[in-house]
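Asks: Need a 3D model of the sequence below.
(one chain, ligands or ions: 2)
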Amino acid sequence: MAKNNLICSLDIGTTNTRAIVGEIDRDGIMNIIGIGQSKSTGLKKGIVIDIEATVRGIADAISQAERMIGEDLDSVYIAIGGPQTALLSNKGIVAVQGELREVTGTDVDRVIAAAQVLAIPPEREVINVTPLSYIVDGYEGIKDPVGMIGVRLEADALIITGKATYLQNIRRCVERAGLEISGMIFKGLSTPFMALSPDERELGCALVDIGGGVSEVSIYMHDTLLSFASIPQGGDLITQDLAHGLRVPISQAEQIKLLYGAATAESSGSTVFKIETVGASETTEVDSVELVEYIQPRVDEIFDCIRNELIKAGFDKPPAGGVVLTGGACQLPGLTDIASKKLGANVRIYRPKQIGVTDPSFTASTAVLQFITRINPAALQKQVRSGRQSPRFFDRIKSLFAEFFG
Ligand SMILES: Nc1ncnc2c1ncn2[C@@H]1O[C@H](COP(=O)(O)OP(=O)(O)OP(=O)(O)O)[C@@H](O)[C@H]1O
Ligand SMILES: [Mg+2]
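Replies: Ligands and ions are numbered 1, 2, ... in the order given. Coordinates of the predicted model:
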């Protein structure tokens with residue numbers, strides 16, 4: 001049984017599965033105390049295609065994290081992204097209850113519940129609902145209506161849905177690995193919350209998580225998620241291009257990419273190394289600068305797709321807050337130069353700051369923990385009700401929540 005104040009996130013990526021355990025201290029601050037990582041072999045472009053292989057990956061990552069913290073983990077929050085998610089907005093309206101007509105937390109819960117009442121096709125499921133702003137008796141743009149006096153409370157909410165079968169397969173894998181699901185957190189909300197500054201989210205900014213199978217683009221403006229796209233291209237295609245170009249096995253191409261790969265000639269070294277091409281009896285010498293010709297076209301293509309997503313979201317000109325890259329593949333030398341040239345924007349790389357997870361491939365899994373402890377304690381409230389967390393623990397989280405919106 002896990003300790004009361006531990007929370008665990010699970011990011012089931014195409015290349016790696018990661019479990020991160022956070023311990024929340026008496027001041028409500030989350031510290032990372034456990035990390036588990038395993039190779040994923042059951043996913044293709046962010047989607048589960050092999051249940052058993054995915055279950056093994058989850059179980060491996062979780063048992064590594066368990067060994068690190070010396071405790072068993074029984075429940076996880078799952079990071080959800082992928083190509084089969086969609087955004088909708090909807091409005092909820094309720095009459096303020098109570099004799100004094102003062103808006104309470106219960107009224108807020110009711111109005112958010114009312115905003116979820118919309119016709120969702122049977123093949124889709126709601127992943128998260130996030131309030132964007134409230135209206136009290138016609139006064140718009142209210143971030144926290146609790147304590148205000150009014151008769152009518154309205155909420156504009158962003159509703160994130162996913163394809164039911166896609167979510168069911170993920171849930172099945174997690175449950176088969178012997179874990180309960182505490183909640184699902186949409187990466188388009190959690191990752192930008194940690195990786196972008198409030199100014200970037202306000203001015204307009206794209207966060208791009210370039211993984212192995214997919215590049216996920218979350219575009220923000222006025223502190224609101226405008227769009228989320230999952231482009232089915234990532235670092236693994238760069239490896240494949242290299243494997244075809246050099247005529248070497250995928251595993252060798254991956255090593256070559258990590259050791260010598262670069263997206264531009266300017267960022268590449270000039271190291272001569274030997275390769276064994278498939279079917280040849282002798283080794284061949286390659287200068288690392290030659291790798292650019294295989295790598296650059298794919299990186300160009302990825303950023304052309306990202307630029308299309310920005311245009312679709314209304315950014316014909318680059319967003320004022322720039323573009324932030326994260327995910328394992330953003331570490332390729334020269335990739336940020338191509339990004340700034342293609343997108344015409346300021347580009348920076350985000351790395352998580354917590355000890356032990358500073359590699360950008362840990363951003364999504366770390367952000368889920370940050371998001372839950374700072375922004376979305378409602379999920380934790382459920383655990384309090386089921387006796388998993390102490391009420392005082394929840395109060396501390398709740399006060400942080402009030403602080404954030406206050
Ligand atoms: N230093 C590096 N330089 C270049 N590429 C790298 C580096 N480190 C990791 N990568 C690449 O990053 C990719 C994996 O990234 P990541 O671990 O973020 O993916 P994932 O979350 O498992 O997959 P996805 O998000 O696509 O489902 C691989 O293609 C890997 O080769
Ligand atoms: Mg990923």
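Asks: Which helix or strand contains residue 56?
Replies: Assigned by DSSP states H and E, residue 56 belongs to helix 51-69.
Asks: Next, see if that helix gets close to ligand 1.
Replies: No. Contact of helix 51-69 with ligand 1 (Cβ under 6 Å from any ligand atom) is absent, the minimum separation being 9.9 Å. The way it works is simple: take the backbone N, C-alpha and C, and place the C-beta from them, glycine included.
Asks: who touches that helix?
Replies: Contact with helix 51-69 is made by 6, 8, 10, 12, 17-21, 33-43, 48, 72-73, 76, 169, 172-174, 176-179, as judged by Cβ atoms under 8 Å, 6 or more residues apart in numbering.
Asks: Restricted to strands, list these.
Replies: Among the contacts of helix 51-69, DSSP state E puts 6, 8, 10, 12, 17-21, 33-39, 43, 48, 76 in strands.
Asks: Look up how far residue 98 lies from the residue in the stretch 151-300 of the chain that ligand 2 sits nearest to.
Replies: Ligand 2 sits closest to residue 211 of the stretch 151-300 of the chain, with a gap of 3.3 Å, by Cβ to the ion. Taking Cβ to Cβ, to the nearest Å as the measure, residue 211 and residue 98 are separated by 48 Å.
Asks: the more surrounded of the two?
Replies: Counting neighbours by other Cβ atoms under 10 Å for residue 211 and for residue 98 shows that residue 211 has the greater number, 28 against 10.
Asks: Surely that one and residue 235 touch.
Replies: Yes. Residue 211 lies in contact with residue 235 (Cβ atoms under 8 Å); the separation is 6.8 Å.
Asks: can you tell me how far residue 286 sits from residue 102?
Replies: Residue 286 sits 72 Å away from residue 102, taking Cβ to Cβ as the criterion.
Asks: neighbour-wise, which of those two wins?
Replies: Comparing residue 286 with residue 102 by neighbour count (other Cβ under 10 Å), the higher total belongs to residue 286, at 18 against 15.
Asks: got the contact list for that one?
Replies: By Cβ under 8 Å, 6+ apart, the neighbours of residue 286 are 246, 272-275.
Asks: what does the protein have sitting close to ligand 1?
Replies: 13-16, 40, 46, 211-214, 234-236, 239, 254, 257-258, 327-329, 331-332, 361.
Asks: hmm, which of those residues are the buried ones?
Replies: 13-16, 40, 46, 211-214, 234-236, 239, 254, 257, 327-329, 331-332, 361 (16 or more other Cβ atoms under 10 Å).
Asks: Let's see which of those residues end up in strands.
Replies: residue 16.
Asks: Contacts only, for the residue lying closest to residue 319 once chain neighbours are set aside.
Replies: Closest residue to residue 319 in three dimensions, ignoring its sequence neighbours and counting by Cβ to Cβ, 6 or more residues apart in numbering: residue 204, at 3.6 Å. Contacts for residue 204 were tallied using Cβ under 8 Å, 6+ apart; they are 219-221, 315, 319-321.
Asks: 7 Å instead, please
Replies: 220-221, 315, 319-321 (Cβ atoms under 7 Å, 6 or more residues apart in numbering).
Asks: same deal with residue 235?
Replies: Residue 235 is in contact with 210-212, 328-329, counting by Cβ under 7 Å, 6+ apart.
Asks: Also residue 201?
Replies: Residue 201 neighbours (Cβ under 7 Å, 6+ apart): 192, 220, 223.
Asks: near ligand 2, which of these show up?
Replies: With Cβ under 5 Å from the ion as the criterion, the contacts of residue 201 include none near ligand 2.
Asks: These in helices, which ones?
Replies: Mapping these onto helices (DSSP state H) picks out residue 192.
Asks: with the contacts of residue 201 in mind, which one is nearest to residue 268?
Replies: Nearest to residue 268 among the contacts of residue 201 is residue 192, at 31.1 Å by Cβ to Cβ.
Asks: residue contacts, that closest one?
Replies: So residue 192 contacts 201, 207, 218, 220 (Cβ under 7 Å, 6+ apart).
Asks: The third one: what secondary structure?
Replies: Pointing back at residue 218 there. strand (DSSP: H, G, I helix; E, B strand; the rest coil).
Asks: Is it in contact with residue 229, as I believe?
Replies: No. Using Cβ atoms under 7 Å as the test, residue 218 is too far from residue 229 to be in contact (8.4 Å).
Asks: more crowded one of those two?
Replies: residue 218 (28 against 23).
Asks: any idea how far that one is from residue 344?
Replies: From residue 218 to residue 344 the distance is 19 Å (Cβ to Cβ).
Asks: what does residue 240 give?
Replies: Using Cβ to Cβ, we find residue 240 at a distance of 29 Å from residue 344.
Asks: in stretch 113-125, what's buried?
Replies: In stretch 113-125, counting by 16+ other Cβ under 10 Å, buried: 114-115, 124-125.
Asks: could you give the mean pLDDT of that stretch?
Replies: Averaged across stretch 113-125, pLDDT comes to 89.
Asks: ends of it, how far apart?
Replies: 15 Å (Cα to Cα, to the nearest Å).
Asks: cool, and stretch 262-269?
Replies: When the termini of stretch 262-269 are compared using Cα to Cα, they are 8 Å apart.
Asks: contacting residues around that stretch?
Replies: By Cβ under 7 Å, 6+ apart, the residues outside stretch 262-269 that reach it are 260, 288-289, 291-292, 295-296, 299, 332-335, 337-338.
Asks: before we move on, what about stretch 344-356?
Replies: So stretch 344-356 is contacted by 32, 35, 195, 318-319, 322-326, 330, 336, 339-340, 358, 360, 362-363, 366 (Cβ under 7 Å, 6+ apart).
Asks: Just the buried ones from the residues you listed?
Replies: 32, 35, 195, 318-319, 322-326, 330, 336, 339-340, 360, 362-363, 366.
Asks: where exactly do the strands run in the stretch 201-350 of the chain?
Replies: Listed in chain order, the strands of the stretch 201-350 of the chain (DSSP state E, counting those that start in this stretch) span 205-210, 215-221, 224-231, 272-275, 284-287, 323-326, 347-349.
Asks: For burial, what's the neighbour tally of residue 251?
Replies: Neighbour tally, residue 251, other Cβ under 10 Å: 10.
Asks: Perfect, I'm done here.
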